[in-house]
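Visitor: give me a model of this one.
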Amino acid sequence: MSTDESTPEPTPDRPDTPEQPVPDVTPAGPDTPSVPDVPAGPDIPDVPPIEPEPMPDPDGGPAGEFHAPTVEEITGYTADGVPTFDSVREKIEQRSATALGAEELAHASGPGRSLDEQYEDRRAAAAERLAEIRRSLRSE
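Guide: Take a look at the predicted model:
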């Protein structure tokens, strides 16, 4: 491995400092502002912060008292591993909403509309054929 003769290696008596200043950094002079000049904005009066009123605990505890969630509320299961009613209801509602959304998307897409049109055409043709059969039975 070759070393460049023009850049001396750092030694204890000579620390690793560049010979020339880094080009992107300019030393600050006495007339250099320390903060960039920002135009003055509108004067906003100091407004004291509003202290929120403590909300009553839904479990009937004193107002402002913190209620830590239980393991059942977090996991949706009791300590015995039985799902809670709320977790089961939430899963059912989520699946139902997903199914309804998928159905709406299917009907809104091009292939979904095409299938709906084909179904209506077949239904209309079947109704017409049934009416034709009934007319032919009456005429005999």
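Visitor: avg pLDDT for the longest helix that the chain contains?
Guide: In the chain, assigned by DSSP state H, the helix with the most residues is helix 110-139. The predicted model gives helix 110-139 an average pLDDT of 89.
Visitor: name the helices or strands packed onto that helix?
Guide: Applying 3 or more C-beta pairs under 8 Å, 6 or more residues apart in numbering; DSSP states H and E, one finds that helix 110-139 contacts helix 85-108. All C-beta spots, glycine's among them, are computed from the backbone N, C-alpha and C.
Visitor: now do the longest helix of the chain and helix 85-108, the angle between them.
Guide: 70 degrees (axes from the mean of the first three to the mean of the last three C-alpha atoms, to 10 degrees).
Visitor: residues near Arg89, how many?
Guide: By the criterion of other C-beta atoms under 10 Å, Arg89 has 11 neighbours.
Visitor: for the one 10 residues further on, same thing?
Guide: Using other C-beta under 10 Å, the number of residues around Ala99 comes to 10.
Visitor: and the gap between it and Ala126?
Guide: Between Ala99 and Ala126 the distance, using C-beta to C-beta, to the nearest Å, works out to 28 Å.
Visitor: also Arg138?
Guide: When distance is defined by C-beta to C-beta, Arg138 is 19 Å away from Ala126.
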